[in-house]
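1. I need the structure of the sequence given here:
(2 chains)
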Amino acid sequence: MYKVVGKGVPRKDAILKVTGRLKFTTDLKLPNMLHAKLLRSPYAHAKVESIDASRAEKMSGVKAVITFYDCPKIKFNPWLDAPHWVKPRDKMILTDHPLCYGDAIAAVAAIDEETAENAIEAIEVKYKVLPAVFDPLEAIKDGAPLLHEDYERNIAVRNSWVKGNVETGFREADITVSDSFKTQDQQHAPLECNCTIANYDPLLNRLTVYTTTQNPFPYVSRLKFALGREDIDVRVITHPLGGAFGGRHEFFQHDGAVALLALKTGRPVKYWATREEVMALNKRYSAHVEFKLGAKRDGSFVALEGKLLANAGAYANCTFANMSMPMDLIITQYRIPNFNLEAYGVYTNTQNNTPLRGFGNPQVFFAFEQLVDDLAEKLNVDPVELRLKNIAKVGDANYFSKTKITTYGLRKCLEVVTEKADWERRNELKKEEGSRRKGLGLATFTYITSCAGSTEGWNESSSAIIYINTDGTVTVITGACELGQGIYTTIAQMAAEVIGVPYEKVKLELKMDTLWQPWDWGSFASRANYVVGSAVIKAAEEAKRKILKVASKKFKVEEEYLDIKNGNIYDVRDQKEYCTLAEVAHYATETSNEPGQIMGAYNFVPRENPPPSGAQIAEVEVDVETGEVFVKRVIAAHDVGKAINPSIVAGQIHGGIVMGTGYALKEKLMWDEAGTGVLLTRLFTDYKIPTFHEVPVIDFALVETNDPFGAFGSKGVGEPPSIPTAAAIANAIYHATGVRIKELPITPDKVLSALKTHVLEASNRHKRKDIA
Amino acid sequence: MDRKFIRIIVNGELKEAYVKPNQTLLEVLRDTLDITSVKYGCGTGDCGNCTVLVDGKPVLSCLTLATTVDGKEILTVEGLAKDGELHTLQKKFVELGAFQCGYCTPAMILTAKSLLDENPNPTVEEIKDYMSGVLCRCTGYVKIIDAILAAAKEMKR
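-> Predicted structure coming up:
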């Protein structure tokens, strides 16, 4: 029985957050600080024919102006520096050839934001507007505007998956279903807008950067690369972020611009993006997804063909990972003997794609999970049965991490969720009530815990250092990045559990600083709790071994008989307490010939990839007169391995489902495609994220499979809850109305038009029958 | 631009400032008075993260000109804990983990305070209605609703 792990203890950052005392990056002010603004392209595709910044430079209060002329001619990939994930390198800090609305062209540093803004307006730019393309289906055609010379038909990256013989597979199939689906571009919309402050000290040749990144450590090499300045000592400090959701992995153009301005002025320079700018920074890619699935009459899948066309945007960023992972996970989740899948990441004149809670999985599972339901209907079997028949088992291949599935709770999740939702009533449900139609829909998913194993030459390590202080408190030092997910709390719980001290005795710094904290790849891929957590466990075990060794000598008791409980060292044979941890730590550090401070350190390299999975059932009401969809209840069961902190896990499930509901019903980035290509959805007025009003009743259960490789058995939980929600809602709408909505977001117009077609088709069928 | 002298009571303390006529209350609180719990999230009144209480009522500080609050009392979340003790709402937010990144938390707590001052016994629907002007991207709002209900219950005692 664990004492701290598995308990919903209050978070380490709680007091600071409820009192407003926590300093976010955006709250920082440095002495003598300047403020930066960027000149961003108002066009989706243009060439700058001339730029004149002389008026801006002369303005009072303006300290520096830089344009693409002053910018190193270095192309970089904004994402992590992992082999073949960074390709292609296609982006520059400032450009004279903007490829999307919001692409950065020039930047200004001035004494205040207002002056900087006025200076930006004073820069005169003459653009030659070029034809733009917004849809990957168009961009891939011959004759479409080419965004990057070396990439024919705008294909930035492609990947394929082949197993068995798909033609033979389909010949063997008794039944085949196929369909095409379309999803939209989505923005992360964290409430804190991006912010970067750079400060250059020429005597130390050190550039200190405070920034809202999810990856402070990899940021160092990316900044040096983009600046072409390997000689500079870069220090990155990241305060807890006001949300991220995957949108803050990148090295942004403003990061480079602010660094250049700091180098130029010798003063700290702060850039704080406006909401309008954040909305245009990056996105979850929209996609065209096609699948053809063949099965035997008994329901077993025999062949799958699929194609994913991802709208990568103007720059590739992490397109490769983003479009490969979902296909990997479809074939991991379902046993399919023959498949032929391909994925294309296609450049378009829109902001570049980046991960958003679940990488590309919500897109692809939206399509696949609807097709599975379609197949179930044609086979006349329950959708749950059909999934149970085809889902993977422990020991099957995990195509993403190239490992074996270590533990897998999906079967259990399906049992639990159907029981909780009383799935059986689905068939007897009184569907009609006035203009409302009720329905229940199911969707499942499988995900990852880190990117471990996914790519050659990628170690994905994280480190931890632990001190047992002379007062018996424990200091945990890692490079973990707090985005709101509660990583400090769960690693503190793990350290407390391993060493045997109360949770309250564990102390952590609530920000990341690359100067003195040990390496961490960052918070993404639902990895931090696993990778950083595992490093913490190992470091804590080492510290514990060391202090027990000292105690053993001091009390002349063999180490194997000693343990620590509640901060006291005791004898496991008779439970006799020798002394407090503080006494031994003080003795070891200050008053003896023992080796000194008790510490442990560990660098954990993950080799396994515990797969989280889950099932959600959405209960919806569709108003057939207005086309509105109301998500009344979402019932969920998630295999989280082990909930280190059930309260935090609950928060992730609530937040993920509500975000998934927004994705399903409301959120969509839109550009003026017929005109300049300006982003139309720049404010929350136009881009609606869920409010209090859209919160369904959320009823969830945790399935704990205690993965042998997870930190205390845990698996990733940050991203998974939002993956199946849209698919579950779409399946519920079908159940309620008999119409399948294949395009996100499911807005009233789409529902009404689908219903209209449905009614027409039905009446045509009648007519045909009459004629016959 | 001519600056105007204003006097405001912020969290019980008298503050004086020379403000520009186009300066918002958000800017004055953050930039002049260093009260950073008041957050910028959109600048257009859509996200509610800049909410403060002016004479006890929630106000969007990003849409409020500082000159218009001259002589008024302003409460930010920094002023809520008294004598080293958290307000019941803050305690419930801590206990139930009704926050994640914490960026919207000050606005959530202040708006909830105003709600409970007006209506000490709100239903879930009333909470949703009153709070719906404040956006949160992390929590899915569920625990925020729970924390407000729990605080209401405790405050009645």
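2. name the secondary structure element that contains the closest residue in space to A:Thr478 that isn't next to it in sequence.
-> In space, and not counting its chain neighbours, A:Thr478 is closest to A:Ala464: 4.7 Å by CB to CB, 6 or more residues apart in numbering or on different chains. To be clear about C-beta, it is placed using only N, CA and C from the backbone, and glycine gets the same treatment. A:Ala464 is located in strand A:462-468, with elements delineated by DSSP states H and E.
3. who are the packing partners of that strand?
-> Applying 3 or more CB pairs under 8 Å, 6 or more residues apart in numbering or on different chains; DSSP states H and E, we find strand A:462-468 packed against strand A:474-478, helix A:487-499, helix A:528-555, strand A:598-604.
4. what is the rounded mean pLDDT of it?
-> Averaging pLDDT along strand A:462-468 yields 98.
5. pLDDT score for A:Glu230?
-> Confidence score, pLDDT, at A:Glu230: 94.
6. now do A:Gly457
-> So, for A:Gly457, pLDDT stands at 77.
7. identify the residue of chain B closest to chain A, quick one.
-> B:Ser37 (2.5 Å; CB to the nearest CB).
8. that residue belongs to a strand?
-> No: looking at B:Ser37 with DSSP: H, G, I helix; E, B strand; the rest coil, it is coil, so not inside a strand.
9. for A:Ile175, see how far away the closest residue to it other than its chain neighbours is.
-> Nearest residue to B:Ser37, sequence neighbours excluded (CB to CB, 6+ apart): A:Gly20, at 2.5 Å. Applying CB to CB, to the nearest Å, the value for A:Gly20 to A:Ile175 is 59 Å.
10. how about B:Gln90?
-> Note on B:Gln90: its distance to A:Ile175, by CB to CB, is 58 Å.
11. those two: which has the busier surroundings?
-> B:Gln90 (26 against 14; other CB atoms under 10 Å in any protein chain shown).
12. how about the secondary structure of that one?
-> Secondary structure of B:Gln90, per three-state DSSP, is helix.
13. report the contact partners of it.
-> Residues near B:Gln90 by CB atoms under 8 Å, 6 or more residues apart in numbering or on different chains: A:18-19, B:77, B:80-81, B:109.
14. now for the residue of chain A found nearest chain B, how many residues are close by?
-> Closest to chain B within chain A is A:Gly20: 2.5 Å, counting by CB to the nearest CB. Residues within reach of A:Gly20, counting by other CB under 10 Å, total 26.
15. quick one: it from A:Arg275, how far?
-> Taking CB to CB, one finds A:Gly20 at 21 Å from A:Arg275.
16. what's the answer for A:His254, then?
-> For A:His254 relative to A:Arg275 (CB to CB), the value is 14 Å.
17. go on, A:Leu308?
-> Taking CB to CB as the measure, A:Leu308 falls 31 Å from A:Arg275.
18. which of these two has more neighbours?
-> A:Leu308 (26 against 22).
19. which residues touch that one?
-> A:Leu308 is in contact with A:287-289, A:323, A:326-327, A:341-344, A:360, A:363-364, counting by CB under 8 Å, 6+ apart.
20. helix, strand, or coil at it?
-> strand.
21. can you tell me the SS state at the closest residue to it other than its chain neighbours?
-> Among residues not flanking A:Leu308 along the chain, A:Ala343 sits closest, at 4.1 Å (CB to CB, 6+ apart). Judged by three-state DSSP, the three-state class of A:Ala343 is strand.
22. just to check, A:Ala343 is in contact with A:Asn159?
-> Yes: under the criterion of CB atoms under 8 Å, A:Ala343 makes contact with A:Asn159 at 5.0 Å.
23. what sits in contact with each of those two?
-> A:323-324, A:327.
24. which strands and helices sit next to the helix or strand harbouring A:Ile237?
-> In the assignment (DSSP H and E), A:Ile237 maps to strand A:233-238. Under the contact definition 3+ CB pairs under 8 Å, 6+ apart, strand A:233-238 sits against strand A:206-211, helix A:216-227, strand A:512-513.
25. quick one: A:Lys141 is in a helix?
-> No: per three-state DSSP, A:Lys141 lies outside any helix segment and is coil.
26. I'd assumed A:Arg153 was in contact with it.
-> Yes: A:Lys141 lies in contact with A:Arg153 (CB under 8 Å); the separation is 7.4 Å.
27. how about the strands of chain B, start to end?
-> Residue ranges of the strands in chain B, as given by DSSP state E, are B:4-10, B:13-19, B:51-54, B:57-60, B:73-75.
28. will you turn those strands into a markdown table that also has mean neighbour count?
-> Shown next, in a markdown table, are the strands of chain B (neighbours: other CB atoms under 10 Å in any protein chain shown):
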| stretch | mean neighbour count |
| --- | --- |
| strand B:4-10 | 17 |
| strand B:13-19 | 14 |
| strand B:51-54 | 24 |
| strand B:57-60 | 19 |
| strand B:73-75 | 20 |
